[in-house]
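>>> Pasted the sequence and its predicted model underneath.
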Amino acid sequence: MLTLEKRPQPSQAWTYLAPLVAVVVTMIVGGAVFAMLGKPPLESIRTIFWDPLFGEFAAFDRPELVKKAGPLVLIALGLSFGFRAGIWNIGAEGQYIMGAIFGAGIALAFYPMEARWLIFPLMIIAGMVGGMLWAMIPGLLKVKFKTNEILVSLMLVYVADFMLDSMSLGLLRNPEGHGFPGSRNLQQYASAYNGDLIAGTGLHWGVIAALFAVVVSYIALSRHIFGFNVRLAGQSPRAAAFSGVNANRLVLVCMGISGALAGAAGMFEVAGPSGQILSSFNVGYGFTAIIVAFLGRLHPIGILLAGCLMALTYIGGETAQLTLGLPRSAVQLFQGMLLFFLLAVDLFTNFRIRLTAKEAA
């Protein structure tokens, strides 16, 4: 009979193999799901993973891939600090929305003034502050009242959604929009527009910020005492307490970092690809970033690669919807299966399968 036996030490090989195996298994099971929907499985997988990079319209898809990877990487990096420390911020989507609202609010407050050297930096700061303040709510409640940060941060996503609707219909609505919901289009406001730095590449300031954050996160987690404290708190809270790590301060710092990076991602998105505050602005980047963080093993380099992979599923999924008639829900299911199979395969990091003789009754 087959039994699970706990390994003396986690397997390093499975630590790195698990994401790759999870991707392969997701492709196989996803192909079967597509076949049940009456779609050609191999063509569907090829459309999602191959065509955006090497297909007929790859020249148009690659810049979009870069644009979508930027916010995913930025948000996932922030989440990785808390996840490593055992602090579960599930509400990055709300922090992303609040960062967009704060950033757009600054831009619209200065409209039509042209002073990019002043307005755009202020938008970045405001976006980070907005996301951080929203993340501080579950952080402070956890520190002061021992509430569950998972539930509080998740519920705040719905509050942020209502605030987004309210702003698009009220305070930030375009006064020249003939009553239609939505703010002014920031793509038409030069001082606030986060456009391509090199035309046709998709490389804007949000992508640069994501790459910079990868470098800083790597140094902080692997070369700084703060990173050691984060890892220690996640692996052994009692040992962290004995070594003098202030658990409450760590909660607030990790929540603040994740909120600030999620807010910055929201600001770069509303000032660039999205362009305006609308009720449809939030597209689930904050939730998808959770998959990116775990798929990247909570490591900055892994998160960068995982963010590119998830961005590929976004672009490829949209292409599959247009060319193959694949339902959007099927693409979302495909993305969710990545996390499900990663968690399933990750079992073998700490356990091995043993074939043992069946005991006599």
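Alright, I've got the coordinates. Because the structure is predicted, anything quoted here is derived from the model rather than measured.

>>> Count the neighbours of Pro273 for me.
One way to gauge burial is a neighbour count; for Pro273, by other Cβ atoms under 10 Å, it gives 19. Every C-beta, even on glycine, is put in place using the N, C-alpha and C of the backbone.

>>> same deal with Gly325?
By the measure other Cβ under 10 Å, the count of residues near Gly325 is 10.

>>> what about it, distance to Ser44?
To Ser44, Gly325 is 10 Å away according to Cβ to Cβ, to the nearest Å.

>>> Please list all residues in contact with the residue lying closest to Gly91 once chain neighbours are set aside.
The shortest distance from Gly91 to any residue that is not its chain neighbour, by Cβ to Cβ, 6 or more residues apart in numbering, is 2.9 Å, and that residue is Ser153. Ser153 makes contacts with Trp88, Asn89, Ile90, Gly91, Ala92, Gly94, Ala135, Pro138, as judged by Cβ atoms under 8 Å, 6 or more residues apart in numbering.

>>> and Ser153, what helix or strand is that in?
helix 149-169 (DSSP states H and E).

>>> what element comes up after that helix heading to the C-terminus?
helix 205-223.

>>> what packs against that next one?
Where contact means 3 or more Cβ pairs under 8 Å, 6 or more residues apart in numbering; DSSP states H and E, helix 205-223 is packed against helix 58-84, helix 225-235, helix 247-270, helix 300-324.

>>> how close does the nearest residue to Ala35 once chain neighbours are set aside get to Leu312?
Nearest non-adjacent residue to Ala35, counting by Cβ to Cβ, 6+ apart: Pro41, 4.5 Å away. When Cβ to Cβ is the yardstick, Pro41 and Leu312 sit 18 Å from each other.

>>> follow-up on the earlier one: how about exporting the helix holding Ser153 as PDB, limited to the C-alpha atoms?
Backbone C-alpha positions of helix 149-169 (Å, rounded to 0.1, in the frame of the first residue of the first chain) are rendered in PDB as follows:
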ATOM      1  CA  GLU A 149      -6.000  39.600   8.900                       C
ATOM      2  CA  ILE A 150      -7.200  37.200   6.200                       C
ATOM      3  CA  LEU A 151     -10.900  38.000   6.800                       C
ATOM      4  CA  VAL A 152     -10.400  41.800   7.400                       C
ATOM      5  CA  SER A 153      -8.200  42.400   4.400                       C
ATOM      6  CA  LEU A 154     -10.500  40.300   2.100                       C
ATOM      7  CA  MET A 155     -13.600  42.200   3.300                       C
ATOM      8  CA  LEU A 156     -11.900  45.500   2.700                       C
ATOM      9  CA  VAL A 157     -11.600  44.600  -1.000                       C
ATOM     10  CA  TYR A 158     -15.400  44.900  -1.300                       C
ATOM     11  CA  VAL A 159     -15.300  48.200   0.500                       C
ATOM     12  CA  ALA A 160     -12.700  49.400  -2.000                       C
ATOM     13  CA  ASP A 161     -15.000  48.200  -4.800                       C
ATOM     14  CA  PHE A 162     -17.800  50.400  -3.500                       C
ATOM     15  CA  MET A 163     -15.400  53.300  -3.200                       C
ATOM     16  CA  LEU A 164     -14.300  52.800  -6.800                       C
ATOM     17  CA  ASP A 165     -17.900  52.900  -7.900                       C
ATOM     18  CA  SER A 166     -18.600  56.000  -5.800                       C
ATOM     19  CA  MET A 167     -15.600  57.900  -7.200                       C
ATOM     20  CA  SER A 168     -16.400  57.000 -10.800                       C
ATOM     21  CA  LEU A 169     -19.900  58.300 -10.300                       C
END
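
>>> What's the mean pLDDT across that helix?
Helix 149-169 shows a mean pLDDT of 96 in the predicted model.

>>> which SSE is Glu5 in?
When elements are assigned from DSSP H and E, Glu5 belongs to strand 2-6.

>>> For Lys358, give me the pLDDT.
Checking the pLDDT column for Lys358, the value is 64.

>>> Nearest residue to the most centrally placed residue in the chain in space, ignoring adjacent ones along the chain?
To find the centre residue of the chain, average its C-alpha atoms and take the closest one (Cα atoms, centre = their mean): that gives Ala289, at 2.1 Å. Setting aside the residues directly before and after it, Ala289 is nearest to Ile75 in space (Cβ to Cβ, 6+ apart), at 3.7 Å.

>>> Quick check, that neighbour in contact with Ala262.
Yes. With contact defined as Cβ atoms under 8 Å, Ile75 counts as touching Ala262 (4.7 Å).

>>> Need the overlap of contacts for the two.
Contact criterion Cβ under 8 Å, 6+ apart; residues bridging Ile75 and Ala262 by contacting each: Ala92, Tyr96, Gly286, Ala289.

>>> dump the residue contacts of the first one.
Spelled out, it's Ala92. If you count contacts by Cβ under 8 Å, 6+ apart, then Ala92 has Ile75, Gly78, Leu79, Ser153, Ser258, Gly259, Ala262, Gly286, Phe287, Ala289, Ile290 around it.

>>> burial count for the first one?
A count of nearby residues for Ile75, using other Cβ under 10 Å, gives 34.

>>> Now do the contacts for it.
When contacts are counted by Cβ under 8 Å, 6+ apart, Ile75 is found next to Ala92, Tyr96, Ser258, Leu261, Ala262, Ala265, Tyr285, Gly286, Ala289, Val292.

>>> Next one: the fourth one from Phe226, what distance?
So that's Leu261. When distances are taken as Cβ to Cβ, Leu261 and Phe226 turn out to be 15 Å apart.
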